[in-house]
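> Here is my input; please provide its structure:
(2 chains)
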Amino acid sequence: MRFMLIVKANKDSEAGKLPSAELLKEMGRFNEELIKAGVMLAGEGLHPSSKGARVFFSGKKRTVVDGPFAETKELIAGFWLIQAKSLDEAIEWVKRVPNPTGEEGQIEIRQVQSEEDFGPELIAAAPEVFEAERKFRERDEAAAKERQRSATKKR
Amino acid sequence: MTDAHRAIDAVWRLESAKLIAALARITRDVGLAEDLAQDALVAALEQWPESGIPDKPGAWLMATAKRRAIDHFRRNRLIERKHEQIAHDLDERQDATPDLDSSIDDHVGDDLLRLIFTACHPRLSMEARVALTLRLLGGLTTDEIARAFLSTEATVAQRIVRAKRTLAEDRVPFEVPRGDEFRARLEAVLQVIYLVFNEGYSATSGEDWIRPSLCEEAMRLGRILAGLIPDEAEVHGLVALMELQASRLRARVSSSGAPVLLLDQDRSRWDQLLIRRGLDALARAESLDERRGLYTLQASIAACHARARTAGDTDWRAIAAVYDRLAELTPSPVVELNRGVAHAMAFGPSAGLEIVDALRNEASLEGYHLLPSVRGDLLAKVGRREEACAELERAVSMTRNARERELLLERLEVLSRGPRVGDGNGH
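Just a heads-up that it's a prediction; the model follows:
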């Protein structure tokens, strides 16, 4: 299973303030722990939302709104993608994320969807997702029928 | 299971290998180390639901296990000296560093490496190595190991007990071998990890075609090992091979649950993150040693597939060339069989058939369903339909995997129905 550990933004991250040397060092150590444990798949820090943009969808209309965005605590400042056996294991990792300045913060843990999570009903309901595979099957069936037909003719 | 118990389970999974490794260094007995670690876990299960999980659960477990170790040796007066050694060791550590966590961490890499090499010791049977590795390094329960390997819990438990006894009785030292022995023993370690991966990747029997968690565990072990001995090319080669193969896991089964062969897979479903990680690991392996080892060569074959955007883009000549090198390095009938397939794809079915035909009387491939399966396909492609059908029938009778059998039967039906052959539909 994969989990995304989403680090929520705060005033400092949104202000583009560089993290302290201490935090950098401890984060480096934590990342090292993730790598040594063989669970780290990816991880990045993000620039403040002032350097980002949002695209709003409404029917065929697209509206672009440049950052920064107001609701700081709901914004994302970075993420890790880790491999874990359970949500509990992911929680245990997140508890160990360093916070040397003692500031308030929040990390959200979300399980990454995999195709096993889509039951057969959902696959049937959204056939376009599996278009390529369906086409492939049809081609196969057509080829089989073709063979059958020519076999009958021959007889 | 309560929340507290699930949380303790998670802590255990994160801490158990380090804990057992550190205890094994102190006690020089892997079996005893595991028992002590288990004792500490039991204590945690008793106390933590009441007291809450401590701030440094790893240090708590370690301190508890060490107290148990001292108790244990006090009870066994016979090994008085060892007890003093441990008591001394414990005192020294506590005096020197109030933060027990970091004192464990100083040794943790070396200890883990010793634990891996001990669990994969050649004195143990392959099955015992696998069970012990998953148990000691992966923190898997006996029940989980039994389910993964379609065995009973009692069998696996007994296997582990016997393995630990063998290690103790043979006085297998808790160490990483040096010099020439290191190479051979490292190979044994890689073999165990890859076996775990393959068990997850393609079940040898039963309905359960894919067991991704076993693959994930093997990849985790491989990455841990790569971190511990970063200069060993073949470790990165193995990691690359596993990440690249795993990148195709979700494309290997269709929505109806039927297996989909490599060349028929929808490549948009391949996992790009794992492909990137695999290619990175391969590059590292190739930069470390010009002489490509077994795993690095296999990884470079997997990379040829990963780089091809469509099945038609596959560089089969490159793959055939790698198989030629692989066959030189480690001549084996299975490699030869795969070399045959690669040559068939690169230079036509006759070229492949020439290699595969030479394997027909190979005793070690007797009962190996892929030989008649491949040969059947190649025969069909060169228009020898009756012989092809006979080979596919043989393959059906040999496979133990229910879904693989279905796939073979389908191919057989198509082949026996149609007069036209060599349409290139089967691979």
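
> alpha carbons only for contacts and neighbour counts from here, please
Noted.

> residues in contact with the spatially closest residue to residue A:86 that is not a sequence neighbour?
Nearest residue to residue A:86 in three dimensions, chain neighbours excluded: residue A:1, at 7.2 Å (CA to CA, 6 or more residues apart in numbering or on different chains). Residue A:1 is in contact with A:83, A:84, A:85, A:86, A:111, A:112, B:213, counting by CA atoms under 8 Å, 6 or more residues apart in numbering or on different chains.

> now residue B:234: how far from residue B:190?
For residue B:234, the distance to residue B:190 equals 8 Å [CA to CA, to the nearest Å].

> Looking at these two now, which is surrounded by more residues?
With neighbours defined as other CA atoms under 10 Å in any protein chain shown, residue B:234 and residue B:190 compare such that residue B:234 has more, 26 against 21.

> And chain A, what are its domain boundaries?
Domain assignment for chain A by automatic domain parsing gives A:2-112, A:120-154.

> ranking those by burial, who's on top?
domain A:2-112 (a mean of 15; mean count of other CA atoms under 10 Å in any protein chain shown).

> gap between the two ends of that one?
Domain A:2-112 end-to-end distance (CA to CA) = 5 Å.

> so how far is it off the chain centroid?
Chain-centre distance of domain A:2-112: 12 Å, with CA atoms, centre = their mean, to the nearest Å.

> try stretch A:97-117
That offset, for stretch A:97-117, works out to 12 Å (CA atoms, centre = their mean).

> what's the answer for stretch B:383-392, then?
36 Å.

> quick check, it touching chain A?
No - for stretch B:383-392, no contact with chain A is found by CA under 8 Å from any CA of the partner chain; the gap never falls below 14.0 Å.

> Which parts of that stretch count as buried, going by neighbours?
B:383, B:385, B:388, B:389, B:391, B:392 (16 or more other CA atoms under 10 Å in any protein chain shown).

> how about CSV for the residues you listed, with distance to residue B:51, pLDDT and secondary structure added?
Shown next, in CSV, are these (distance: CA to CA, whole Å; pLDDT from 0 to 100; DSSP: H, G, I helix; E, B strand; the rest coil):
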residue, distance to residue B:51, pLDDT, secondary structure
B:383, 74, 91, coil
B:385, 73, 91, helix
B:388, 69, 93, helix
B:389, 68, 93, helix
B:391, 66, 93, helix
B:392, 63, 93, helix
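
> Out of these, which comes closest to chain A?
residue B:385 (14.0 Å; CA to the nearest CA).

> picking up where we left off before, among the buried residues of stretch B:383-392, list the two that are farthest apart in space.
B:383 and B:392 (14.4 Å; CA to CA).

> ok, now how distant is residue B:53 from residue A:87?
17 Å.

> again, but for residue B:318
42 Å.

> Just checking, which helix or strand succeeds the longest helix along chain B along the chain?
Secondary structure of chain B read by DSSP state H shows that its longest helix is helix B:3-27. For helix B:3-27, the following helix or strand on the C-terminal side (DSSP states H and E) is helix B:30-51.

> Distance from the next helix or strand after that following helix to the middle of the chain?
Downstream of helix B:30-51, the next assigned helix or strand under DSSP H and E is helix B:57-75. Distance of helix B:57-75 from its chain centroid, counting by CA atoms, centre = their mean, is 32 Å.

> Quick check: buried residues in helix B:57-75?
B:57-70, B:73.

> Which residues of chain B lie near chain A?
B:6-7, B:10-11, B:13-14, B:213, B:216, B:219-224, B:227-228, B:250, B:254-256, B:266, B:273, B:414, B:417-420.

> low-scoring stretches of chain A, by residue?
Scanning chain A for pLDDT under 70 picks out the ranges A:115-155.

> Name the SS class of residue A:103, please.
With DSSP: H, G, I helix; E, B strand; the rest coil as the basis, residue A:103 sits in coil.

> Do me a favour and get the end-to-end distance for stretch B:224-240?
13 Å.

> Give the buried residues for it.
Applying 16+ other CA under 10 Å to stretch B:224-240 flags B:224-228, B:230, B:232-240 as buried.

> Closest one to chain A out of the buried residues of helix B:57-75, please.
residue B:57 (10.2 Å).

> contacting residues for that closest one?
residue B:11.

> same thing but 7 Å
Contacts for residue B:57 (CA atoms under 7 Å, 6 or more residues apart in numbering or on different chains) come out as none.

> go on, residue B:392?
B:372, B:373, B:376, B:408, B:412.

> Most neighbours among those residues, which one is it?
Neighbour-wise, those (other CA under 10 Å) top out at residue B:376, 29 neighbours.

> Which residue comes closest to that one once chain neighbours are left out?
residue B:388 (4.1 Å).

> give the contact list for the one you found.
So residue B:388 contacts B:376, B:377, B:379, B:380 (CA under 7 Å, 6+ apart).

> taking those residues one by one, which sit in helices?
Those of these lying in helices (DSSP H): B:376, B:377, B:379, B:380.

> And the pLDDT for the second one?
As predicted, residue B:377 sits at a pLDDT of 91.

> can you list the weak-confidence ranges in the stretch 301-427 of chain B?
Ranges of the stretch 301-427 of chain B meeting pLDDT under 70: B:418-427.

> make it 50
B:421-427 (pLDDT under 50).

> next one: chain B
Ranges of chain B meeting pLDDT under 50: B:94-104, B:204-207, B:209-210, B:421-427.

> What are the boundaries of the helices in the stretch 201-350 of chain B?
Taking DSSP state H, counting those that start in this stretch to define them, one finds helices in the stretch 201-350 of chain B at B:212-228, B:233-246, B:272-288, B:294-307, B:316-329, B:333-347, B:349-357.

> Which of the ones you listed has the highest mean neighbour count?
helix B:233-246 (a mean of 29).

> now the angle from that one to helix B:212-228?
Per axes from the mean of the first three to the mean of the last three CA atoms, to 10 degrees, the angle that helix B:233-246 makes with helix B:212-228 is 150 degrees.

> Give me the distance from helix B:233-246 to the chain's centre.
That offset, for helix B:233-246, works out to 11 Å (CA atoms, centre = their mean).

> Next: stretch B:308-325.
That offset, for stretch B:308-325, works out to 25 Å (CA atoms, centre = their mean).

> Run through who's touching it.
B:263, B:297, B:301, B:304, B:305, B:339, B:342, B:343, B:345, B:346.

> Those: which two are farthest apart?
B:263 and B:297, at 20.0 Å, using CA to CA across the contacts of stretch B:308-325.

> I'd like the contacts of stretch B:308-325 as JSON lines, with distance to residue B:145 appended.
Output for the contacts of stretch B:308-325, formatted as JSON lines (distance: CA to CA, whole Å):
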{"residue": "B:263", "distance to residue B:145": "32"}
{"residue": "B:297", "distance to residue B:145": "30"}
{"residue": "B:301", "distance to residue B:145": "30"}
{"residue": "B:304", "distance to residue B:145": "33"}
{"residue": "B:305", "distance to residue B:145": "32"}
{"residue": "B:339", "distance to residue B:145": "34"}
{"residue": "B:342", "distance to residue B:145": "35"}
{"residue": "B:343", "distance to residue B:145": "39"}
{"residue": "B:345", "distance to residue B:145": "39"}
{"residue": "B:346", "distance to residue B:145": "41"}
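
> Please enumerate the helices of chain A.
A:11-14, A:21-36, A:87-95, A:120-125, A:131-154.

> and residue B:17, how many residues sit next to it?
25.

> Just give the closest residue to it, not the sequence neighbours.
residue B:137 (4.9 Å).

> Report how many residues lie close to that neighbour.
Count around residue B:137 with other CA under 10 Å applied: 24.

> Roughly how far does it sit from chain A?
Here the criterion is CA to the nearest CA, to the nearest Å. By it, residue B:137 lies 10 Å from chain A.

> Ramachandran angles for that residue?
Dihedral angles of residue B:137 (phi, psi; degrees, to the nearest 10) stand at phi -90, psi -30.

> go on, the one 3 residues further on?
Backbone torsions of residue B:140, given as degrees, to the nearest 10, read phi -80, psi 150.
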